[in-house]
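Chemist: Following is a predicted model, sequence given first.
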Amino acid sequence: MEKVKMSTAAELKKANEMTNFKKYKAKVFEALANDTYGLTVSQLATVCKLSAKTIKQILAELEVEKNGDVYLLITKQSLPNYEVEIIDSKPIEESPIDISTTIFMDIICPKADELRKKDPQAFSIFAYDVMRLSLSLYSETTNINQFDTNVKVLLSNLVRRLQRS
């Protein structure tokens, strides 16, 4: 009779693990579906609050494409129907450098400072995403060869500056 109880308990434990795994899989799927450019295992672990081991098990079951360390969801999702508030635009009187500096200093930096204090790992993900989105925006303005050259030069200069300091 004791053996039957262990079997039932084992079956219950297995059923609970499968239910939890389905919930975790849904979290990872949602995180990837919400990120157009993909996420690393580390980023998924932070966003989904799961271990890297669990993330890797889930990624093995999802339709994802791996590009370097970044995973992209292959399955196409329909975009949610968001209502967009149209704001009357004002003529641009500042230079593009002034506008981007203002946005960076007034919007991005304060949020980054908040995150850095609360959660350094989340801050790192935020900084990476700001860089990724900025590069994506820039890529729309130039041909691929010029984009590749400009990004390599920018990165090289940044690394040299960091090495000096």
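Modeler: Yep, that arrived.

Chemist: Just give me the residue right at the centre of the chain.
Modeler: For the chain, the residue whose C-alpha lies nearest the mean C-alpha position (Cα atoms, centre = their mean) is L39; its distance is 4.7 Å.

Chemist: Mind listing the residues bridging to it?
Modeler: According to DSSP bridges, the partner residues bridging L39 are Y71.

Chemist: so how far is T46 from it?
Modeler: Going from L39 to T46 by Cβ to Cβ, to the nearest Å gives 9 Å. Backbone N, C-alpha and C define where each C-beta goes, glycine included.

Chemist: so E65, which of the three states?
Modeler: Look at E65: counting by DSSP: H, G, I helix; E, B strand; the rest coil, its state is strand.

Chemist: Quick one: neighbours of I55, just the number.
Modeler: Counted by other Cβ atoms under 10 Å, the residues lying close to I55 total 25.

Chemist: Not counting stretch 128-147 itself, show me its contacts.
Modeler: Under the contact criterion Cβ atoms under 8 Å, 6 or more residues apart in numbering, stretch 128-147 has outside partners 37, 43, 108, 112, 150-151.

Chemist: State the pair within those residues that is farthest apart.
Modeler: Pairwise distances among the contacts of stretch 128-147 were taken by Cβ to Cβ; the largest, 25.8 Å, belongs to Q43 and N150.

Chemist: ok, back up a step: which residues are in contact with the residue nearest to the centre of the chain?
Modeler: By Cβ under 8 Å, 6+ apart, the contact list for L39 reads 31-32, 47, 70-71.

Chemist: repeat that with 10 Å
Modeler: With contact set as Cβ atoms under 10 Å, 6 or more residues apart in numbering, L39 has these partners: 28, 31-32, 45-48, 55, 64, 69-73, 125, 128-129.

Chemist: neighbour-wise, which of Q43 and N150 wins?
Modeler: Set side by side, Q43 and N150 show unequal neighbour counts under other Cβ under 10 Å, the larger going to Q43 at 22 against 13.

Chemist: per-residue pLDDT, F123?
Modeler: pLDDT recorded at F123 is 87.

Chemist: That's all I had, so thanks and see you.
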